[in-house]
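*Asks:* My questions concern the predicted model and sequence given below.
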Amino acid sequence: PSSRGKNQVSEETEQSADLRVISRSQDRSPKVTDLEDAEYEGKRAMEDTKGRLTEWFGKPNLLRRLTIHNTFLATINTFLNI
């Protein structure tokens with residue numbers, strides 16, 4: 001066999017290896033997808049919570065009503081559990 005023939009075979013092997021690597025990187029495992037989805041949902045929940053807190057602190061009456069309501073419920077629960 002000539003060196004050109006060996007070269008050609010090794011180039012074909014490299015190309016097929018490259019294709020395998022590309023196809024593997026394109027296929028995402030369900031675990032990775034689930035993890036990324038969970039991470040996204042967690043970030044979204046944090047942003048939603050931050051938004052709600054910002055709204056509440058922006059509206060002092062709403063925050064005060066929530067505090068009074070929670071205090072009232074805690075007091076009622078305390079008396080009912082006696």
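*Replies:* All right, it came through fine.

*Asks:* shaky segments in this structure?
*Replies:* 1-32, 60, 82 (pLDDT under 70).

*Asks:* Look through this protein and tell me its longest helix.
*Replies:* Counting by DSSP state H, the longest helix found in the chain is helix 30-58.

*Asks:* Name the residues of that one that are buried.
*Replies:* Applying a neighbour-count criterion of 16 or more other C-beta atoms under 10 Å, the buried positions in helix 30-58 are W56. Every residue, glycine included, has its C-beta placed from N, CA and C.

*Asks:* so what secondary structure elements neighbour it?
*Replies:* helix 60-80 (3 or more C-beta pairs under 8 Å, 6 or more residues apart in numbering; DSSP states H and E).

*Asks:* Determine the angle, from 0 to 180 degrees, between the helix it packs on and helix 30-58.
*Replies:* Put simply, helix 60-80 runs at 100 degrees to helix 30-58, going by axes from the mean of the first three to the mean of the last three C-alpha atoms, to 10 degrees.

*Asks:* then helix 60-80 to CSV, C-alphas only?
*Replies:* Taking C-alpha atoms only, helix 60-80 is exported to CSV below (Å, rounded to 0.1, in the frame of the first residue of the first chain):
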residue,chain,number,x,y,z
PRO,A,60,-47.3,50.0,51.4
ASN,A,61,-51.0,49.5,52.0
LEU,A,62,-51.0,46.0,50.5
LEU,A,63,-47.9,45.0,52.5
ARG,A,64,-49.5,46.4,55.7
ARG,A,65,-52.7,44.5,55.0
LEU,A,66,-50.8,41.2,54.4
THR,A,67,-48.9,41.7,57.7
ILE,A,68,-52.1,42.4,59.6
HIS,A,69,-53.9,39.5,58.0
ASN,A,70,-51.0,37.1,58.9
THR,A,71,-50.8,38.4,62.4
PHE,A,72,-54.5,38.0,62.8
LEU,A,73,-54.4,34.4,61.6
ALA,A,74,-51.5,33.6,63.9
THR,A,75,-53.4,35.0,66.8
ILE,A,76,-56.5,33.1,66.0
ASN,A,77,-54.5,29.8,65.6
THR,A,78,-52.9,30.4,69.0
PHE,A,79,-56.2,30.9,70.8
LEU,A,80,-57.8,27.9,69.0
